[in-house]
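Undergrad: Give me a model of this one.
(one chain, ligands or ions: 1)
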Amino acid sequence: MSEASLPFNEKYCPSSVSVTSGEKRRQEWEKSIKNLQEFWAEKAKAIDWFKPFDKVLDDSNPPFYKWFAGGELNVSYNALDRHVKAHRKNKLAYIWEGEMGEVKTYTYYQLYREVNKLAKVFKDFGLKKGDRVAVFLPVIPELPITLLATARIGGIHAVVFSGFSAEALADRINDCGAKILVTADGSFRRGKPVAIKETADRALLTTTSVEKVIVVKRTGQPIQMKEGRDVWYDDVMTKAGANVYVEPEHMQSTDPLFILYTSGTTGKPKGVQHGTGGYLVWAYWTLKWAFNPSDEDIYWCVADIGWITGHTYNVYAPLSLGVTALLFEGTPDYPAQDRWWDIIERHGVTILYGTPTAVRMFMKFGEQWVLKHDLSSLRLLGTVGEPINPEAWRWYYRVVGKEKLPIIDTWWQTETGGFMIAPLSGIELTPLKPGSATLPLPAINADIYDEKGQSVGTGNKGLLVVKSPWPGMLQTLWKDPERFKQTYFGKWANIYCTGDYAIKDPDGYYWLLGRADEVLKVAGHRIGTVELESALVSHPAVSEAAVMGKEDSVKGEVPVAFVTLRSGFQPSDELRAELVKHIRTTIGPIATPDAIVIVNKLPKTRSGKIMRRILKAVLVGAPIGDVSTLEDDASVEDIKVTYEELRRQINKK
Ligand code: WT7
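TA: Just a heads-up that it's a prediction; the model follows:
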C-alpha cells in the first residue's frame, strides 16, 4: 500500500509514449458528469441505429434504467454489416489459433457469411425474438459466430463456460429456458480431448426446454447423437446454403442481448442480463478509450468467451470497432511455457490483454521463456480479473513491456458490462502507478463509502460504489428483479454497490483491495463460497461445510474447505480425494479446493453461526482473537490440530 502515497513516478510512464499530466482525461470526465445525457447522445453516434432513440436515459423507474430508449439497432449489424458495406470488408476480423496449433482466419465478410447462415439455421429451427440459446463451446470461431447469429435474429444467448459441470450447465439452461443448445463433440485441454458433449448430454437429462442441439465437430471423438434432437453444425450450415442473407432484426435498445451467469453470495448463480444499445455503446467506447485500437493493430484478449471479458472484449467491442482480434483456444503453458510469447511473435500481436494469474505463472516459469521471442510488435499491455500486485505489475512491465509499454489495469465486473476504472491510452495516456487501476472512466461517478454510506475520503478503506447509472450496466437479473435490486442497490437506494473494497490515494487513484463479500477470486474466476459449501453438503459424508479463501502466490486466492462428517464416516485421504472430485463434478475443475480439512466441529457463535473469522485466523496463522462467543473452544483446537497436520503432510511432499 505504500505505493498509494507515491506521487506519479515518471519511470512508470513510458517515454516512448508522451508523458501526460492526465488533464485531458480529467476534463473529459468532468464534461461527462456535468451533462451525462448530452455526453452519451454524442457518443452514441459511433453506433449505427435503425431508428434514433427518443431519450438518452430514462430514469423514471430506478434502478431499472433504460438507455437510449426508443432507439432501434442490431448488434450483429454493427459488428458485421457496416464493415462489410465499407472499407473493412476484406479486413481480418479474427485470427484463431487452436490448442493444437491450427490457425484459421476470418475476414469481416467471411464472418458475416457464417453468421447469416447460422441465423438462417436458427430461424428454420423456429427460434424467435426473445428466445434463449445456450452455448457450451470451447474458444473456437463457432462461438462468436453463434453469439452474433443469435443477436442477428433477436435471440438472447447464455454462454456457459465449457469447463463447467453437467449440473452447472443444467441449472443455467433451466433458469433461462433455452430452446437451442450449441455445443461441440469435445474440446482440447493440454492436447487431450475432453468429452464436453457427454457433459451436455448429462445436463440435458434434467432439462426440458431444449429442442435442438447443434454440435460442432472439434475433436472428432466418438459421441452419441440423439435422433431428432442433435444435429451436426456442418450439416445444417451446408443445408442453409452458401449465400444466404438474414435481415437483422430491429431490436429495441432496451431488449436483452444476453444472460451470463456469475457467482454471488448465495448458492444460486445470478443471471446477469445485459441489454442491447447501452451495452454496445459502452463496449465500443471503453475499448476505444482504454486500448484505442486502430486498423494496424492485432489485438489479443486472452479471456475465454465463457466469461464477460470474452463477451465484451473478444466479441462485441472489437467487432463493433472493426478491429482484428486474435482468439486463442488453449492453455498458456501448452505445449511449452512460451506459448503466449510464441503466439505474439508469430502473429505480430500489438495489444496483449492478460491476467495477473497468468503473469504470476510466467514469473515462476522464468523470464528466459519470454526473452526467447521477439515481442517488438507489442505496443500496449493490459490486465484484468483480480488485483495485480505491484511485484507482478513490475515484472510484466520490465520483462514483457521492456520498460516501454503502458499497463492498462482494468477494473470491472460481469455486471458493469465493460471497464469502469482503468488507465486510458485513448484520450491521452494516464500516468501509471504499479498496482493501481488508476481512475474512473468518463461518466463513471465512483466513490468509496463506509458502512454508514458516508464517503470515506482519501486514504481510508471502504466499499466501492457507483453513484450514477452508466450505459453498460446490467439491466436486471434474469427473471429476478427483486434480487437485482437487493444485491446491487439494497444497501443504499440508487447507489450501485460493487462488493469490492477500495482505497483512494491523494491523487484520486483507486487501489482495489478485493471482494468485501463471500465471493472468492480464484485465478480471476469468481466463485461463491456458498456454492462450494452447498456442493460439499450435497455429498452423503458431509454434515457441515465452511469454505474460505487462502492467499496463493499464483492464483491470488484458492478455496480451502473445512468440513464436519456425518456419523458413520471417518476422515481419510480417500474421502478427501472423493470430496474434491465431487466438487469438480458438481461445479467444475475451476472450483477445485486447495485442501479439504476434516474437523470434529466448526467454530460457531452461541446462535449457531459459523465463525469465519476464526477459520480465517487458523488459515493465515494469525492469533485467534476474542473467542468469548464460541459455544465450545475445543473446536478451534481441533481445527488447528487438523490443519497443522495437513500442513505437515503437504510440506512433506
Ligand atoms: C470482480 C469481478 C472484469 C471481468 C473479469 C472478472 C475483481 C476484476 C480487477 C482488477 C482488481 C479486479 C473484482 C470484481 N476484479 N478486475 N483490474 N483489479 N480486482 O469479472 O467475474 O464479474 O469479477 O473481479 O473483485 O468485483 P467478474
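
Undergrad: Tell me who's in contact with K66.
TA: With contacts defined as C-beta atoms under 8 Å, 6 or more residues apart in numbering, K66 is in contact with K55, L57, D58, D59, S253, T254. To be clear about C-beta, it is placed using only N, CA and C from the backbone, and glycine gets the same treatment.

Undergrad: burial count for the fifth one?
TA: Right, the one you point to is S253. Neighbours of S253 under the rule other C-beta atoms under 10 Å: 27.

Undergrad: Angles on the backbone of the nearest residue to it once chain neighbours are set aside, please.
TA: Nearest residue to S253 in three dimensions, chain neighbours excluded: G277, at 2.9 Å (C-beta to C-beta, 6 or more residues apart in numbering). G277 adopts backbone torsions of phi -70, psi -50, taken as degrees, to the nearest 10.

Undergrad: Could you measure from G277 over to the ligand?
TA: 21 Å (C-beta to the nearest ligand atom, to the nearest Å).

Undergrad: Looks like that residue contacts T254 (just checking).
TA: Yes - contact criterion C-beta atoms under 8 Å: G277 and T254 qualify, at 7.1 Å.

Undergrad: Can you tell me which residues in this structure are near the ligand?
TA: Contacts of the chain with the ligand, taken as C-beta under 6 Å from any ligand atom, map to 262, 307-309, 384-387, 409-414, 437, 498-500, 512, 514-515, 521, 526.

Undergrad: quick one: which of those sit in strands?
TA: Judged by DSSP state E, the subset of the residues of the chain next to the ligand located in strands is T262, V384, D409, T410, T498, G499, D500, L512, G514, R515, K521, R526.

Undergrad: Scan those residues and report the most crowded one.
TA: Result: D409 is most packed of these (other C-beta under 10 Å), 27 neighbours.

Undergrad: could you list every residue that touches it?
TA: G382, T383, V384, I388, W393, A422, P423, G435, S436, A437, T438.

Undergrad: try 7 Å this time
TA: T383, I388, A422, P423, A437 (C-beta atoms under 7 Å, 6 or more residues apart in numbering).

Undergrad: From the opening residue of stretch 539-559 to its closing one, how far?
TA: End-to-end distance for stretch 539-559: 18 Å, by C-alpha to C-alpha, to the nearest Å.

Undergrad: roughly how far is that stretch from the heart of the chain?
TA: 21 Å (C-alpha atoms, centre = their mean, to the nearest Å).

Undergrad: How about stretch 215-227?
TA: On the basis of C-alpha atoms, centre = their mean, stretch 215-227 sits 28 Å off its chain's mean C-alpha point.

Undergrad: can you list contacts of that stretch?
TA: Residues outside stretch 215-227 that contact it (C-beta under 7 Å, 6+ apart): 137-138, 140, 142, 183-188, 193, 195, 197, 201, 230-234.

Undergrad: before we move on, which element is D304 in?
TA: Here D304, judged by DSSP states H and E, is contained in no helix and no strand.

Undergrad: quick one: it from L474, how far?
TA: The gap separating D304 from L474 is 20 Å, by C-beta to C-beta, to the nearest Å.

Undergrad: ok, these two, which is more surrounded?
TA: Taking other C-beta under 10 Å, D304 and L474 do not tie; L474 has more neighbours (27 against 21).

Undergrad: The more buried one belongs to a strand, doesn't it?
TA: No - counting by DSSP: H, G, I helix; E, B strand; the rest coil, L474 is not found in a strand; it is coil.

Undergrad: Surely P293 and T286 touch.
TA: No - P293 lies out of contact with T286 (C-beta atoms under 7 Å); the separation is 11.8 Å.

Undergrad: and the contacts of stretch 215-227, which are buried?
TA: Neighbour-count burial within the contacts of stretch 215-227 applies to 137-138, 140, 142, 183-188, 195, 197, 201, 230-231, 233; the criterion is 16 or more other C-beta atoms under 10 Å.

Undergrad: Now, those residues that are in strands?
TA: Among these, DSSP E puts T183, A184, S187, F188, D230, V231 in strands.

Undergrad: which residues does the closest residue to the ligand within the stretch 51-200 of the chain contact?
TA: Residue nearest to the ligand within the stretch 51-200 of the chain (C-beta to the nearest ligand atom): F161, separated by 10.7 Å. Neighbouring residues of F161 by C-beta under 7 Å, 6+ apart: D304, G306, W307.

Undergrad: Go again with 10 Å.
TA: Shown in contact with F161 (C-beta atoms under 10 Å, 6 or more residues apart in numbering): 135-138, 168-169, 172, 260-261, 304-307, 310, 525, 588, 590.

Undergrad: What about the residues you listed, which are in helices?
TA: A168, L169, R172, G310 (DSSP state H).

Undergrad: Kindly reformat these as TSV and extend each row with pLDDT.
TA: Output for the ones in helices among the contacts of F161, formatted as TSV (pLDDT from 0 to 100):
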residue	pLDDT
A168	96
L169	97
R172	98
G310	98
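
Undergrad: what's the closest of those to D81?
TA: G310 (22.4 Å; C-beta to C-beta).
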